[in-house]
Each structure stands twice: as structure tokens, then as C-alpha cells.
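In: I would like to see how this sequence folds:
(6 chains)
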Protein chains: 4
Amino acid sequence: MRRVAADAKNTRQRILRYSTVEFAAKGYDGARVDSIARRCRLSKNMLYHYFHSKEGLFIAVLESAYETFRMHQRDFVVRHADPIDAMRQLVDYTFEALLENQHIIALLNTANLHKGRHMRRSRVMRSLYDPLLDTIREILQRGAATGAFRPNIDPLNLYLSLSALAYNYISNQHTLKFAFGINFMTKPRRDAWLAHITDLILTYCCANTRH
Amino acid sequence: MRRVAADAKNTRQRILRYSTVEFAAKGYDGARVDSIARRCRLSKNMLYHYFHSKEGLFIAVLESAYETFRMHQRDFVVRHADPIDAMRQLVDYTFEALLENQHIIALLNTANLHKGRHMRRSRVMRSLYDPLLDTIREILQRGAATGAFRPNIDPLNLYLSLSALAYNYISNQHTLKFAFGINFMTKPRRDAWLAHITDLILTYCCANTRH
Amino acid sequence: MRRVAADAKNTRQRILRYSTVEFAAKGYDGARVDSIARRCRLSKNMLYHYFHSKEGLFIAVLESAYETFRMHQRDFVVRHADPIDAMRQLVDYTFEALLENQHIIALLNTANLHKGRHMRRSRVMRSLYDPLLDTIREILQRGAATGAFRPNIDPLNLYLSLSALAYNYISNQHTLKFAFGINFMTKPRRDAWLAHITDLILTYCCANTRH
Amino acid sequence: MRRVAADAKNTRQRILRYSTVEFAAKGYDGARVDSIARRCRLSKNMLYHYFHSKEGLFIAVLESAYETFRMHQRDFVVRHADPIDAMRQLVDYTFEALLENQHIIALLNTANLHKGRHMRRSRVMRSLYDPLLDTIREILQRGAATGAFRPNIDPLNLYLSLSALAYNYISNQHTLKFAFGINFMTKPRRDAWLAHITDLILTYCCANTRH
DNA sequence: GATGAATGAGATTTCATTCAT
DNA sequence: CATGAATGAAATCTCATTCAT
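Out: Here you go, the predicted model:
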């Protein structure tokens, strides 16, 4: 009996894994239930058995991708007492996490295309809330206290800025490659971008003058 | 129901206009040729007559959207001698342009999902190159010359940063709304964001210290 | 005025010429009105103006192809007093005529596929009757009279045999090529076949024994 | 309307059977997938499920028709020691086999119209090679050995002649009916034709004189 | 819980034909 | 006589979903 249960869980996981790949590669509308079943080496009925519909499957994929992502974030611990080093580490971490998990970008893009309809239908995704925001808030406070950072930086704005800078670079890579003839995904290019956005963020945090 | 007189150029334009809306709203795979034809009050085969295939139509839409966008950018003139004011104006302009033409964001996202396949098939899109990059370069040079800006800022990096900050805020609005329960598209919120990213960019340009 | 009339005739002829090519190459159902119009560098309306419908056009093509063919046959004159030489010449002529005008084969095949429906609709095709049949009858009579040929050969049977032998070799060339890996349309092969069927026919005509 | 139980093999066979009828009756381009599905009392997608495309279906039909035909030929055994009787039997057999299976004629005609494209795409049809050719070769050898037949008759030429004479009579029946006002498919007419072509072939095989 | 067979609705695309000028 | 623009019907093909076992 335990075996069966374990298998069921395995099957569910397998479906989720391959569905994630499919939905990330082709978007919600481009993804094919047939194709997912084939990837899973499973009959389509199983997908319906476990997830009820294509939309249900997509929602589950979103949830699990987010869950994974959130757990990643939770694992993140600020290893540096110094706020500047901590912030530097955070930028680094954010960019690397997205690079390693580009699926989440494609999934969020397709979710956004659908105006968030799928997310709203999810019971689980009630807290898409990113724990990094708290980390940012905490680092900013410590930085302000030590005088390393200017006071009154809005943590949400900083979070959005950091996300945008890391996310967009990856999300628009094909357009950018086409426009500038540059493959921005090579290691040197990625490193340069990380250095740049770190500079950008830190300069902002540390600045004391107004222009 | 028979259409009147209608010359080809008009029809082509009409098709493009409505197709843009459809593709932007639903992505390449979610868009329906039927739906476009209905919007145009035209029979489907006309779309095929003018654009050959759904893909051909999408490419034409991308091209025309980009053309429009590029012309917008061309119209942009720096009205301020002062580099800081010029840069402020540029940020403002970029964000407003994207806000007013959110179609282009959705179109680029779906093009990116397809790994740029459509762009590569386009003969016209050979120069997606954004003229704003030149403007940025010029402003940076002037700012460095007057000492307002630090020297050696890479124009491409600044361009990418600015784009990311403006683009992502709009592109991910639904995820963000869901995550934070905030409608980021209200006028006050948009203004606040514009102020923030202007601050971010300018602080970066004007900073003279290293951290 | 005469010019216009002349042009009209030209236009009709042009349409017929290109339609023949199209119908012969693709059969009735495979032929495309659009494609014909393009070949003619004419707007489709012209086809409808002159021929009323695709079917009307096909019938006209059949008629004209047959007309041409019949005129060819009429031109044929037996140049040899000797019945054997005359028959030899006839076989040669028949095979060469079909080789030079393979369109007629494809057209007749497609007409046969449609169970002769198109021919029956034609007013002009009332006498598809091949004048060669008369020539055969006459040669056979002369041959029987001189004792060169056996008596009582049925001209229709001989006509059908000759036609079948010449026609099928061309009509089934692709199947045969595929089955035997031989390109039967090379000059040496064609010559060999002509020699063979001449032999076959003449042997039959001249034989005096029963088996 | 839901179908019962039905296993795949049966369904495949059913599709093939009705497709054969449709393709034979209307040619490749005239055949309608819809019409086949209706005949099969099956939804269209099943055809695509089993055969991938209309072309795939046609190829399968060709293959199966040929397979059937080849098996027929294999079943053929020369029951007569006497070469003349054997040849007579062969002619009879060939004509009857085509009469009973007129589908194959229509299918080959449409395959030829398409210049053999479909056959070349078939992996199975690699040996369209007709076993009757071997039989012919063997009969000719025996006939030559006994002196009943003249030596040096080319088996392939004889095969082609026999095929042409039997095939064309059936294939062109509608043209012939139209041209001569005779229904060549009545029993007496068919018998007469069989007698004639038997005579023609045997006369050729037995002749010892040159003309 | 799992499968193979099947479906209905609808997707993209094609094509003979006609209208307005 | 001639055209460019347009159409309606139907063609091929796809896809999320369900049934019977």
C-alpha cells in the first residue's frame, strides 16, 4: 500500500516536472497536453486524474514553481554583518537564482499575459509574497542605523528595482540579442551585468546627496 | 454586409490594427485568426490574402508595432541643456512611452517566449536598434564633460537598466498586484515609481564615490 | 475594333494554353483557378468571363486538346503502298504523337477518373472518334487483299491494342520507374519499346497460324 | 453514437477499406477526408491519429492495395505444363485480376499523376516488383526450350505489353465508351477482348518468321 | 489507479466564385 | 473588356477532454 501511495506521489511529481518544462517553453496556450503526456510517458488520463484540467495543471505548476522558488529564498541567509556586503550578496543571490531557474520567468510571463487569472484561481498561491522583501527591509534598516545607507529607502521600491534589473535581462534576452547582436547570456556578459546592477543598487543605497 | 469600396491599403492597416490588439492581449498562441477577422469585419481569407499565414501576420504586427515605437523614439528631442534635466526627461519619456503603448510589451514578451523566432524571420526588423541608446550616450558624454555625471558609464548598461525598470513594472503588474495586493497602475503609484527610478538612475549617474 | 477582337481571341488562347498545362499536371481536382490565372498573368475574372466555371474551362481544355490531337491525326497520311510499311509507320506515328503530346494522356486520365462526366457535358466532343481507326481499317483491308495480313482482323481491336501499348507505357512511367528502377523515357528505351510494339502488332497482322 | 469497444487494428482496417474506395473513386485531390470519416462512422481525427495526414493515408492505401494485389499474384500458380496453355492462363488471370480489383488502377493512375511522389515516400513499397514477371520469364524459357515459343523474347517487354493491354482497356473505359458508343464492360465485350489479347500475345510468342 | 480508443468543437488554411468599379 | 478586392463554404488538421474497460 505504501508503495502505491509513494508511486502516486511520484507520478504527480513527474507530471509536474515535465509540465513545468512544457509550459515554460511554450506558454499556457502553446503548451500541449498531449506533449506533456508523451514527455511523462503517461496516458493523458493521468494528467486529468491528478489535475482535472489543463488550467488546473498550469496552476499546480505555477504553485510548485513558486513553492520551489520560495523555499530557495527561505534558504537564503544573510552571511554578512556589514549591510553593504549583505546587499551585495542579495543582488548576487537574486540574479543567480533567476538564472538557474529561468522557468519561473517564463511561467510568470505567461501568467501575466493572462492578467493573473490563473494565480487568482489558486488557493495555495495566497502568499506569493517574497520573503526577500523582509530581508531587504532588515538590511536597509541595519544600513540606515550604521549610516552606511541613506535613511528612508522604501524596501518595496528597492525590491522591485532589483527584481526588474535581474528579471528583465533574462526575460528579454532574445529581443536584446536580436537588437544588439550580442549574446547576453555568456558568462562574462552575465558577470558584467551583475557587477553593474550591484553598483547601481549600492550606489543608490549609499548615496547621501540629492541631485 | 458587403464591404464598400475599401482600398487595399486601408484594409491592410485595419487588419494590422486589430491583430495588434489580439496578439497583445492573448499572445501568439492564444490569438485566434477567427477573432481577428471578426474584429476587422472581414472574412478570414483576407488575412491570408494580405499576410499569408498567422505567423506572417504576427511578424507584420511586430514590425509595425516596432516601427511605430521607433518613430516615437525618433520624435523624442532632448529639450534641456542641463544633462541632469535631460536624463530626468529621458526616464520620464521612456516610462510614459511604455505606459501608453503597453501592446509592445506584450508583443515582445510573446516574441521572447518563442525565442525570437519571429523576429529572425522578419526582413524589416533588421534594426530593432533603439535610437534612445544614442541619446543616452550623448547625454552621458555631456554630463561627464560638465562633471555632473561620473565618467565611464556604459551607455548600453544604462539603457538596459532604464528599460528594465520601466518595462518590468508594467509587464509584471498582475503578478505584483497579486503578491502585494496593490494596484500599481493607479496614477499616484505610477508617479511614485517614476520618481523612484529617476532617483535611482540619477543617483547612479551623479555618484562619485565607490562603496 | 478588329484589334480588340483579335486580342480577345488571343486571351482565350492564352488561357487555354496555360490551363492545359495546369490540368495536365495536377488533374481536374488538383488544378487551381488561381494558379492558372497567375500563369496567364490575368485576373481570375477573365477565366470566368470566357469559360464560366472551372468545369467549363476543363471541358474547353479537353475539347481543344482533342481538337489539336485530331488535327494531328488528320494530317497523318500513309506514305507507303506496302501495307506492312504502312502499319509500321502507323505504330511509329501513334507512339511519337503521344510522346510529343503527353498532356492529352493526363487529361484523358483525369476525364476517365471522373467517369467521363466532363466529356458528356461537351457539345463539341461529339466525335472523339479517332480518324486513325479508318486508316487502320484501310491498311488492314489492303494487307488482307495482298495476302500480307491475315484476313478478318478487327480494326477496332487493333486500334485499341495499339493505343494501349503506346499510351500505357507513357501513362504509367512513374510506377514503372519505381517498380523496376528503370527510366523508361530515355531515347534508347523509347526506341526499344517502339521496336517491340511494332514487332508485336506486325507479327499479329502477318501471322497465318493458329496456336 | 459512441462506438463500442473497437480495437485499434479493426479501426485501422476499416479506415483503410473506406479510404481505398474514396481515393479510387475521386483521386488523391478529389478525395475528402470528411467523406472518408463519414463512411467509416468515425470522427476525422481518428484518421489523423492512425495515419498522420491525408498523404499518409493515401500512401497506406496504396501500400495495402498493392500488398493485396501482390498476394493475389503470389497465389497464382501455373497449372499447365504446356507453355502455350500456361501463357493463355496467365493472360486470362491478369485481365480478370484487374477487372476484379479496378481500385488498383485508379490508385495507380492518381499516383502516376503525382509523378510517383507518394510511392517514393513509402517505406513499404520498396518492392512493387510484380512476381508475375518471374512467372513470365519461366514460361518463356520453357516455351523456348520446347520450341513452342520463339527464343529471345524479353520477359519485361512481354510483361509490359500484357499489362498495358489489360490495364488500358479498363482504365480508359469511359473515354472509349464515349468515343465509340460502346460499353466495353459487358461480359461479351470483355470476353472478346480477352480472346483478342490472348491471341495477340500468343501469336507473338509463337511466331517464327520476321516480317 | 491506469489505459487505449475515441470524440466534438474549433483551429488554420484553401478555393471557386462574385461584386463594385 | 478588365481588374482588385472580397466572400462563403468547405478543406485539412488540432486539441482538450471523456468513455469503456
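In: Per-residue pLDDT of A:Arg126, please?
Out: What the model reports for A:Arg126 is a pLDDT of 68.
In: brain fart, A:Thr11
Out: 87.
In: in chain A, which residue is closest to the centre?
Out: Among the residues of chain A, the smallest C-alpha distance to the mean C-alpha position (C-alpha atoms, centre = their mean) belongs to A:Ile104, namely 4.8 Å.
In: what's the helix or strand containing that residue packed up against?
Out: Assessed by DSSP states H and E, A:Ile104 sits inside helix A:102-113. In terms of contacts (3 or more C-beta pairs under 8 Å, 6 or more residues apart in numbering or on different chains; DSSP states H and E), helix A:102-113 is packed against helix A:2-30, helix A:54-75, helix A:155-171, helix B:8-30, helix B:102-113, helix B:173-180. Placement of C-beta: from N, CA and C, glycine included.
In: Reformat these as CSV; add distance to B:Gln73.
Out: Supplementary listing: those in CSV, determined by distance: least, C-beta to C-beta, whole Å:
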stretch, distance to B:Gln73
helix A:2-30, 28
helix A:54-75, 35
helix A:155-171, 18
helix B:8-30, 18
helix B:102-113, 11
helix B:173-180, 23
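In: So which of those helices is nearest DNA strand E?
Out: Shortest distance between DNA strand E and the helices and strands packed on helix A:102-113, using C-beta to the nearest atom of the strand, is found for helix A:2-30: 4.9 Å.
In: quick one: buried residues of stretch A:103-116?
Out: Using 16 or more other C-beta atoms under 10 Å in any protein chain shown as the burial criterion, the residues of stretch A:103-116 that qualify are A:103-114, A:116.
In: Stretch A:73-86 too?
Out: A:Gln73, A:Val78, A:Pro83, A:Ile84, A:Ala86.
In: Against which helices or strands is the lowest-mean-pLDDT helix or strand in chain A packed?
Out: In chain A, the helix or strand scored least confidently by mean pLDDT, DSSP states H and E is helix A:2-30, which has a mean of 84. In terms of contact count using 3+ C-beta pairs under 8 Å, 6+ apart, helix A:2-30 is assigned the packing partners helix A:33-40, helix A:44-51, helix A:54-75, helix A:102-113, helix B:8-30, helix B:102-113.
In: out of those helices, which comes closest to C:Gly27?
Out: When those are ranked by proximity to C:Gly27, the top entry is helix B:8-30, at 33.2 Å, counting by C-beta to C-beta.
In: gap between the closest one and the chain center?
Out: Put simply, helix B:8-30 sits 17 Å off its chain's centre (C-alpha atoms, centre = their mean, to the nearest Å).
In: Mind checking if it is in reach of DNA strand F?
Out: Yes - for helix B:8-30 and DNA strand F, the contact criterion (C-beta under 7 Å from any atom of the strand) is met by B:Ala8, B:Thr11.
In: quick one on the thing from earlier: can you tell me what sits against the helix or strand following the helix holding A:Ile104?
Out: Once helix A:102-113 ends, the next helix or strand along the chain (criterion: DSSP H and E) is helix A:117-120. Contact partners of helix A:117-120, identified using C-beta atoms under 8 Å, 6 or more residues apart in numbering or on different chains, comprise A:Tyr28, A:Glu55, A:Phe58, A:Ile59, A:Leu62, A:Ala111, A:Met125, A:Leu128, B:His174, B:Thr175, B:Phe178.
In: Quick check: the residue in chain A that DNA strand E sits nearest to vs chain B, distance?
Out: Nearest to DNA strand E, among the residues of chain A, is A:Asn45, at 2.9 Å (C-beta to the nearest atom of the strand). Applying C-beta to the nearest C-beta, to the nearest Å, one obtains 24 Å for the distance of A:Asn45 from chain B.
In: What is the neighbour count of that residue?
Out: 9 (other C-beta atoms under 10 Å in any protein chain shown).
In: residues touching it, list them.
Out: Not one residue lies near A:Asn45 by C-beta under 8 Å, 6+ apart.
In: Now do the closest residue to chain D within chain A against A:Arg12, distance only.
Out: When C-beta to the nearest C-beta is the measure, chain A has its nearest residue to chain D at A:Asp34, with 10.7 Å between them. Look at A:Asp34 and A:Arg12: by C-beta to C-beta, to the nearest Å, they are 19 Å apart.
In: ditto for A:Arg32
Out: 20 Å.
In: What parts of chain A come near DNA strand E?
Out: If contacts are counted using C-beta under 7 Å from any atom of the strand, the residues of chain A sitting beside DNA strand E are A:Val4, A:Asp7, A:Ala8, A:Thr11, A:Leu42, A:Ser43, A:Lys44, A:Asn45, A:Met46, A:His49.
In: Just name the closest of these to C:Ser19, please.
Out: The nearest one, if we look at those relative to C:Ser19 and count by C-beta to C-beta, is A:Lys44, at 48.8 Å.
In: And the residue lying closest to that closest one once chain neighbours are set aside, what's its pLDDT?
Out: Once flanking residues are discounted, A:Lys44 sits nearest to A:Ala37: 4.4 Å by C-beta to C-beta, 6 or more residues apart in numbering or on different chains. A:Ala37 is assigned a predicted lDDT (pLDDT) of 95.
In: One more: A:Gly116?
Out: According to the model, A:Gly116 scores 92 on pLDDT.
In: Which residues are in contact with it?
Out: A:Gly116 makes contact with B:His174, B:Thr175, B:Lys177, B:Phe178, according to C-beta under 8 Å, 6+ apart.
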